[in-house]
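Participant: sequence first, then the predicted structure, then my questions.
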Amino acid sequence: MSTLNQAEVALTKHLSAWLRDELPAQKKRLENLRALRASMAQTDPGSCESLLKTVQSEEKSAQSREARVSALLGRFAELWQIEPDNCQVSTVAERLPEEASHLLSLRAELREVMGELGLEAQRVFATARVHRTLILDVLNEIFDPTPGDPFEEQGHLLDAEA
């Protein structure tokens, strides 16, 4: 880091710290999404509800971490007088070759986890959609032979005066 100015050194340390913090956080999100999908196949809805709350909480935490890295990359962009939208971890690595291998290694690992996370989120969504379809089919068969969504048809399932 001998050719870097003080601001670059400080920002690079913060970026590296963010990457090191983000990796385990995203791995935990992935683990919890997998657990949520598995719990959707169980008969105990309490487990699923608990995991869903955990996943939702992690989503809020991920948003704050995303704001943190956006601000950090924005400071790099300001320092280098480039557009903030054009400043990413790869941009930092290109401009700071002394740190490139370290930053790109962490970034590659994070991208891999994020790819797995995206696939798992799609699986959870698909599983939830299958469950919803199954529930709607059962409700439609019990209460009304015509297809539809009884959740969206107010007063259809229960006649309070009957």
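Facilitator: Received the coordinates, thanks. Numbers count the residues shown, from 1 in each chain.
Participant: can we go C-alpha only for contacts and neighbour counts from here?
Facilitator: Noted.
Participant: what separates the residue nearest to the spatial centre of the chain from residue 65, distance-wise?
Facilitator: Centroid-nearest residue in the chain: residue 59, 5.8 Å away (criterion: C-alpha atoms, centre = their mean). Residue 59 sits 10 Å away from residue 65, going by C-alpha to C-alpha, to the nearest Å.
Participant: show me what contacts residue 55?
Facilitator: When contacts are counted by C-alpha atoms under 8 Å, 6 or more residues apart in numbering, residue 55 touches 29, 32-33.
Participant: now these in JSON lines, with distance to residue 92?
Facilitator: Below are the contacts of residue 55 laid out as JSON lines (distance: C-alpha to C-alpha, whole Å):
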{"residue": "29", "distance to residue 92": "26"}
{"residue": "32", "distance to residue 92": "31"}
{"residue": "33", "distance to residue 92": "31"}
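Participant: secondary structure, pLDDT and distance to residue 139 for these - can I get that in JSON lines?
Facilitator: Shown next, in JSON lines, are the contacts of residue 55 (DSSP: H, G, I helix; E, B strand; the rest coil; pLDDT from 0 to 100; distance: C-alpha to C-alpha, whole Å):
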{"residue": "29", "secondary structure": "helix", "pLDDT": "95", "distance to residue 139": "33"}
{"residue": "32", "secondary structure": "helix", "pLDDT": "94", "distance to residue 139": "30"}
{"residue": "33", "secondary structure": "helix", "pLDDT": "94", "distance to residue 139": "28"}
